[in-house]
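A.B. asks: build me a model:
(chains A and B)
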Protein chains: 2
Amino acid sequence: MFNDFVQAFNAHIDNVLSQIADSNVKDAMRYALEAGGKRLRPYLVFAMTCQNQNDLNVMNLAYALEMVHTYSLVHDDLPAMDNDDYRRGQLTTHKRFDEATAILAGDALLTQAFQIITKLNLKSDDIVSAVNILSEASGANGMILGQVLDIQNDTNQANQISDLYKLYAFKTGCLFSAALRLGNLLNSKREDESQLDQIGKKLGIVFQIQDDYLERTSTFDVIGKSNQSDLNNHKNTVIEFLGLERSKLSINELYDELNRDIMLLNETYPKLLDIVHWMKDRIK
Amino acid sequence: MFNDFVQAFNAHIDNVLSQIADSNVKDAMRYALEAGGKRLRPYLVFAMTCQNQNDLNVMNLAYALEMVHTYSLVHDDLPAMDNDDYRRGQLTTHKRFDEATAILAGDALLTQAFQIITKLNLKSDDIVSAVNILSEASGANGMILGQVLDIQNDTNQANQISDLYKLYAFKTGCLFSAALRLGNLLNSKREDESQLDQIGKKLGIVFQIQDDYLERTSTFDVIGKSNQSDLNNHKNTVIEFLGLERSKLSINELYDELNRDIMLLNETYPKLLDIVHWMKDRIK
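C.D. replies: Numbering: from 1, shown residues only, chains lettered A, B, ... in the order given. Predicted coordinates for the structure are as follows:
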C-alpha cells in the first residue's frame, strides 16, 4: 500500500510542475523533488484521509507539503548551513547545479507550495486553513525555529535532552503535524487539531532520535548520506545523553505511545498505524 | 501623504512581528524589514484602495508584499548571488548577521507573508485570491523567473533590449502588479485584473530602466549601494542599448503612458497618479 502511494505520488510530478516556465531553477526543483526520499510526509497526509490515493486533492496537498520539506533540505544542505555534498546517495542540489540555483529553487518550491494549495478543489475556508497550517508549521514559529535551534546546538551544544526534544519537535515534528492536519481537512468528520498536533510532534521527535541512532550505527549505503556528519559537526544528539541501548528503548516506548494515541482518535486510521509501524521498523 | 503612510507602515512592524518567537532569525527579519527602502510596493497596495491607511487589512496586505520583496533582497544579496555587502547604505543581512541566518530569515519572511494573509479580515474567497496573486507573482513564473533571467544576463549578456524588458517585467514588474491586484481586492468596485497586471509590469520595467540610469550617473550617497555594481558584474543594462539620453526619453515616455493607463481605469486613483509622478521625478 505504501509503495503504491509512493509510485502514484512520484508519477504526479509532471502535473505539479507543468505550469512552471522552463528554466534551470525548474530543473533544480524537479531534481530536488525527484531525489526521492521516503515520501513520509505525503504519505502521512494520505494516511489521515479516507480519500483514494488518486484523489487530486490528496495528491496536491501532499505535494505542497513535500515541496516545503524539499525546499528546507535544499537550503539546509547549502555550504553556509550544513554544507552537505550528498543526500539520499545523490549530489545535493547546489552540487549538481550551483549555489544560486539551489537558493532560488528552494525559494520557488516554498512559493509553489502555496500556489498549489490555492488550486485545490475545496471550499475557500478550507484552503485558507491549509495555507494557515502550512505557513505556521514551516515558518519562524515552526520548522525554521527548529533549524535555528539546530544551528545553536552546532555551536553551543544542547545541555539537556529536553532541548534536543524541543529542537526535534520543531525541526521535524511541525511538518509531521502539518501532514496530519492537512489530511484531516479532507475528511468530513474531523479530528481535534491539537491531538493531531501532539501526535505529529511526538512522531517528529522519535523519528529524529532514530536518525541519531542510525547515523551512529549505519554506513553511507544504508542512509545515503555522509555518515557521522553530526559527529563531525560537533552536534549533540540523543545518543550522547542516553547511549545507544537506552536510546533504542526510548524509541520503542515512544512508538508504543503513538500507537495508543492514534487508536484513541475518533475514527480509525489503519494506514496511519501501518506507517508508524513501518517507521518503528527502521531499527530492527 | 506618502510620508504619512510610510510612517504608519514602519510603526506597524511590531504588530507584524509580535507573534514570532524570539531568535536571531527574528532579529534578522526585523533588520531586513527595517533597513528602510522606499516602501513603494506597500504604498502601491494602499494607493489602489479607497481604504484608510490605518485600516488593518491595508497594512497587513502591504506587509505581506513587503516581506516577499524583502526576502528576495536578502537572498539576492548573498555571496552566491549578487554578493553585495551594502544595501540602502547599510550592511546587508548576511554581513550584519551571517549567511545561514540570512538564508533562514529570507525563508521565514516569505513564509510569514502567507501566514499574515490568512489572518486578514476578508472573505475566504478573497484571502485565497490574495495567496494566489502573491504566490504567482513571486514564484518560478514571476519574480524568481526574473532573477533567473538576471543571472543569465550576468554570464551571457542579453542580446536584445526586449530580453531586458522581459527580465525587468518579471523581476520587478510582477511584484508591482501584485501590489495593485492586492489593493484591488480591498475595493468593493474592482478593476480588471489584466489591466492592473499590465500597469504593474510597465511600472516595473520603467523603474528598472531608471535604476540603470541612476546607477550609471549617481554616487553611493544617493542610491545607498555600491555604485556601478552592474558594470562590475558585467551585466548588460538598457544604457548599453540606448545610451543615457535616449534612455531618459524612454523613461519619460513610459511614465506618460502609465499616467494615461491609470486615468483609463474605471475609478480614479489620485494616490496612484501621485506615486507614479514621484517615481518619475527620481530623475530630474
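A.B. asks: for the rest of this, base every contact and every neighbour count on C-alpha atoms.
C.D. replies: OK.
A.B. asks: what about the helices in the stretch 151-284 of chain A?
C.D. replies: In the stretch 151-284 of chain A, the segments counted as helices under DSSP state H, counting those that start in this stretch are A:161-168, A:174-185, A:193-217, A:220-223, A:229-232, A:238-263, A:270-280.
A.B. asks: least reliable of those going by mean pLDDT?
C.D. replies: Sorting the helices of the stretch 151-284 of chain A by mean pLDDT places helix A:220-223 lowest, at a mean of 53.
A.B. asks: list the contacts of residue A:26.
C.D. replies: By CA atoms under 8 Å, 6 or more residues apart in numbering or on different chains, the contact list for residue A:26 reads A:17, A:20, A:105, B:140.
A.B. asks: what's the closest of those residues to residue B:208?
C.D. replies: Closest approach between the contacts of residue A:26 and residue B:208, by CA to CA: residue B:140, at 19.7 Å.
A.B. asks: what pLDDT does that closest one get?
C.D. replies: pLDDT at residue B:140 comes out at 97.
A.B. asks: residue A:3 too?
C.D. replies: Note on residue A:3: pLDDT of 88.
A.B. asks: how about the helices of the stretch 151-284 of chain A in CSV, adding distance to chain B and mean neighbour count?
C.D. replies: Formatted as CSV, the helices of the stretch 151-284 of chain A follow (distance: least, CA to the nearest CA, whole Å; neighbours: other CA atoms under 10 Å in any protein chain shown):
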stretch, distance to chain B, mean neighbour count
helix A:161-168, 13, 20
helix A:174-185, 14, 27
helix A:193-217, 17, 20
helix A:220-223, 25, 13
helix A:229-232, 17, 13
helix A:238-263, 23, 16
helix A:270-280, 28, 17
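A.B. asks: circling back: and the contacts of residue A:26, which are buried?
C.D. replies: A:20, A:105, B:140 (16 or more other CA atoms under 10 Å in any protein chain shown).
A.B. asks: not counting sequence-adjacent ones, nearest residue to the first one?
C.D. replies: Distances taken as CA to CA, 6 or more residues apart in numbering or on different chains put residue B:141 closest to residue A:20, at 5.9 Å, once the chain neighbours are dropped.
A.B. asks: now do the phi/psi pair for residue A:90.
C.D. replies: Main-chain torsions, residue A:90, degrees, to the nearest 10: phi -120, psi 160.
A.B. asks: would you confirm that it contacts residue A:37?
C.D. replies: No - checked against CA atoms under 8 Å, the pair residue A:90 and residue A:37 is beyond contact range at 10.8 Å.
A.B. asks: the residue in the stretch 151-284 of chain A that chain B sits nearest to: neighbour count?
C.D. replies: Chain B sits closest to residue A:151 of the stretch 151-284 of chain A, with a gap of 8.7 Å, by CA to the nearest CA. The number of residues packed near residue A:151 is 18, by other CA atoms under 10 Å in any protein chain shown.
A.B. asks: just residue A:4 next, same as before
C.D. replies: Residue A:4: 10 surrounding residues under other CA under 10 Å.
A.B. asks: ditto for residue A:6
C.D. replies: Count around residue A:6 with other CA under 10 Å applied: 19.
A.B. asks: nearest residue to it other than its sequence neighbours?
C.D. replies: Closest to residue A:6 by CA to CA, 6+ apart is residue A:39, at 6.7 Å.
A.B. asks: for that neighbour, what are phi and psi?
C.D. replies: phi 60, psi 30.
A.B. asks: so what's the residue count around it?
C.D. replies: 19.
A.B. asks: the one 4 residues further on now?
C.D. replies: Counted with other CA under 10 Å, the neighbours of residue A:43 add up to 26.
A.B. asks: surely it is in contact with residue A:5?
C.D. replies: Yes - with contact defined as CA under 8 Å, residue A:43 counts as touching residue A:5 (7.2 Å).
A.B. asks: on that earlier part again, could you dump the helices of the stretch 151-284 of chain A to TSV with distance to residue B:72?
C.D. replies: Converted to TSV, these look like this (distance: least, CA to CA, whole Å):
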stretch	distance to residue B:72
helix A:161-168	27
helix A:174-185	24
helix A:193-217	30
helix A:220-223	34
helix A:229-232	31
helix A:238-263	36
helix A:270-280	37
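A.B. asks: can you tell which of these is closest to residue A:109?
C.D. replies: Set against residue A:109 and scored by CA to CA, those come closest in helix A:174-185, at 15.2 Å.
A.B. asks: ok, and what's touching the closest one?
C.D. replies: The contact list for helix A:174-185 (CA under 8 Å, 6+ apart) reads A:41-42, A:44-49, A:58, A:61-62, A:65, A:69, A:126, A:130, A:133-134, A:137-138, A:142-143, A:190-191, A:193, A:196-201, A:203-204.
A.B. asks: please narrow these to those residing in strands.
C.D. replies: In strands, defined here by DSSP state E, there are no members of those.
A.B. asks: burial of the residue nearest to residue A:20, as a residue count?
C.D. replies: 21.
A.B. asks: state the distance from it to residue B:175.
C.D. replies: According to CA to CA, to the nearest Å, residue B:141 and residue B:175 sit 12 Å apart.
A.B. asks: ok, residue A:190 next?
C.D. replies: Taking CA to CA, one finds residue A:190 at 37 Å from residue B:175.
A.B. asks: please apply the same query to residue A:54.
C.D. replies: According to CA to CA, residue A:54 stands 35 Å off from residue B:175.
A.B. asks: what does residue A:91 give?
C.D. replies: Counting by CA to CA - residue A:91 and residue B:175 are separated by 34 Å.
A.B. asks: which phi and psi does the residue nearest to residue A:20 have?
C.D. replies: phi -110, psi 10.
A.B. asks: for the residue nearest to residue A:277 when sequence neighbours are not counted, what are its contacts?
C.D. replies: Excluding the flanking residues, the one nearest residue A:277 by CA to CA, 6+ apart is residue A:255, at 7.9 Å. Contacts were defined as CA under 8 Å, 6+ apart; by that measure residue A:255 touches A:203, A:206, A:276-277, A:280.
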